[in-house]
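>>> below is the sequence, then the predicted model.
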Amino acid sequence: MRLSRYFLPVLKETPSEAQIVSHRLMLRAGMIKQQAAGIYSWLPLGYRVLRRIEAIVHEEQARAGHIPLLMPTLQPADLWQESGRYDAYGPEMLRIRDRHKRDLLYGPTNEEMITDIFRSHVSSYKDLPLTLYHIQWKFRDEIRPRFGIMRGREFLMKDGYNFDIDKDAALHAYNRHMVSYLRSYERMGLTAIPMRAASGPIGGDNTHEFLVLAQTGESEVFYDDRVTGLKLGARDVDYDDRDQVAAVCGEFTSLYARTDETHDEAAFADVPEAHRKVGRGIEVGQIFYFATKYSEPMGAVVVNDKGERVPVHMGSHGIGVSRLLGAIIEASHDDRGIIWPEGVTPFHAGIVNLRQGDAATDAACEGLYGALKARGLEPLYDDTSERAGAKFATQDLIGLPWRVTVGPRGLAAGKVELTSRRTGESEEMSPEAAVARLAEIYDGV
RNA sequence: CGGGCUGUGGCGCAGUCUGGUUAGCGCGUCCGUCUGGGGGACGGAAGGUCGUGAGUUCGAAUCUCGCCAGCCCGACCA
């Protein structure tokens, strides 16, 4: 993309409504625009990151064998009356009435609807296990939205639902989700710690929340800090192997890590003092096993191998896709702007032309731009006539992890400069070498 | 929803207390010249129903009342 033809309304000053860093930076970097309290438009740069995060979630769900579909944002009220949650949910649920005076709601989650889909089409244990998920906009009419996209009323969420014949199978689904989530967060450059949590309005006993440590987090967290060093890395997990998946989950959940909702001082005291940490965290996902809480009242039953009709065991599993942008920025920024991890960056690298209009510099930039695209990378070429300082400031603000700086001075020696946004380190090299290096960096991402 | 606060060009603000010609400033935008490796300089220009409605007054951004929107703290939540 050429910056001169893009839509990137960056701001030099911070709009007064924004308090926390992710909100300020998202506004300044021209990623979002508020349309009402807790409701945002996604401007091109923000939309790119949102789509990147979504893509990672889709890829990792596919790897775990989970199947995507898409349910509507508006749901009929009667489904929720069946489960009893229409009254239980309270004013946080946005209720709508159509022209025929039928009661609808803007879905805050989809357990009822997915259960309805399931019971309509599945009747035999032979069709299990089944895990369906979608990534769709949700609405929760928060009393007080805040922190920009982190605590909006409208938000994009991945929510998945597993249907299994018994508790053991459902717990395997639970574990599969935990591993696929850990892998998703790692690919986004985040360390998200699974913590034992409280179940809230979804219900169920078995539940973990995934927390990204950040000063601005909404939850107080208590943990053994050795948990932050755990990584899945490149290891290959066979999602069909119950024991292997369970072992990975055991590794990530055996150290003490809890939110204030489930915190146990006595158990926490057993953590060696040097590792005992109290901090704050941003919730970026939660998984639940809730047995037959919805299948029983809603009649989601299958015939088992003995010919008996039994309610299916279910769980649900969510990742806050739009919220993750805020969490990533909270975890990865400096005083000049955002620092995107390679996995979610809106563009792979910026090309900064220091002397727009100079024939040799322009030609070198065009060459780099074409060569990077030919390697399958998406560069953002700053071909505007801004001065160097302004271009650098914009690059730093929008946080592309790599910058190729091209100016007549370096070009005289056949060199461009490749700079890491994260470390600030620069290296001079030929344009060809810069392209090769970037291709190598993104090869494993 | 309780408490606190704010609405003035695209953004950040002053002016309001103490009412008075054409409502200012910085940034940004546009044009020109000089510049050119970390938000450059100079010259010129465009852009405002002062959130909104009613009232007080000779006169309202400024005073009064209502309404709307937004922000912060709390309770609530992913």
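Structure's in. What do you need?
>>> ok, A:Ala198 - contacts?
Shown in contact with A:Ala198 (Cβ atoms under 8 Å, 6 or more residues apart in numbering): A:Thr207, A:Thr259, A:Glu261, A:Thr262. C-betas here are computed from N, CA, C, even on glycine.
>>> any idea how many residues pack against the residue lying closest to A:Ile39 once chain neighbours are set aside?
Using Cβ to Cβ, 6 or more residues apart in numbering and skipping the chain neighbours, the partner closest in space to A:Ile39 is A:Glu154 (5.0 Å). For A:Glu154, the tally of surrounding residues (other Cβ atoms under 10 Å) stands at 20.
>>> over to the one 4 residues further on?
By other Cβ under 10 Å, the residues close to A:Lys158 number 25.
>>> can the helix or strand harbouring it be said to contact RNA strand B?
Element membership of A:Lys158 [criterion: DSSP states H and E] is strand A:154-164. Yes - with Cβ under 7 Å from any atom of the strand as the criterion, RNA strand B is reached by strand A:154-164 at A:Phe155, A:Met157.
>>> and what of stretch A:387-403?
Yes - interface with RNA strand B: stretch A:387-403 contributes A:Arg387, A:Ala388, A:Gly389, A:Ala390, A:Phe392, A:Ala393, A:Thr394, A:Gln395, A:Asp396, A:Leu397 (Cβ under 7 Å from any atom of the strand).
>>> type out the PyMOL command that picks the buried ones from these.
Filtering the residues of stretch A:387-403 next to RNA strand B down to the buried ones (16 or more other Cβ atoms under 10 Å) takes a single PyMOL command:
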select buried, chain A and resi 392+393+394+395+396+397
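>>> tabulate the residues of stretch A:387-403 next to RNA strand B (TSV), appending secondary structure and pLDDT.
Formatted as TSV, the residues of stretch A:387-403 next to RNA strand B follow (DSSP: H, G, I helix; E, B strand; the rest coil; pLDDT from 0 to 100):
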residue	secondary structure	pLDDT
A:Arg387	coil	94
A:Ala388	helix	96
A:Gly389	helix	95
A:Ala390	helix	96
A:Phe392	helix	97
A:Ala393	helix	96
A:Thr394	helix	96
A:Gln395	helix	97
A:Asp396	helix	97
A:Leu397	helix	96
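>>> any idea how chain A splits into domains?
A:3-338, A:349-443 (automatic domain parsing).
>>> lowest-confidence stretch among those?
Mean pLDDT is lowest for domain A:3-338 out of the domains of chain A, coming in at a mean of 93.
>>> quick check: A:Gln286 vs A:Thr73, distance?
21 Å (Cβ to Cβ, to the nearest Å).
>>> more neighbours, the two?
Using other Cβ under 10 Å, the more surrounded residue of A:Gln286 and A:Thr73 is A:Gln286, with 25 against 15.
>>> for the stretch 101-250 of chain A, what lies in contact range of RNA strand B?
Close to RNA strand B, as judged by Cβ under 7 Å from any atom of the strand, the stretch 101-250 of chain A has residues A:140, A:142-147, A:150-153, A:155, A:157, A:200-202, A:209, A:218-219.
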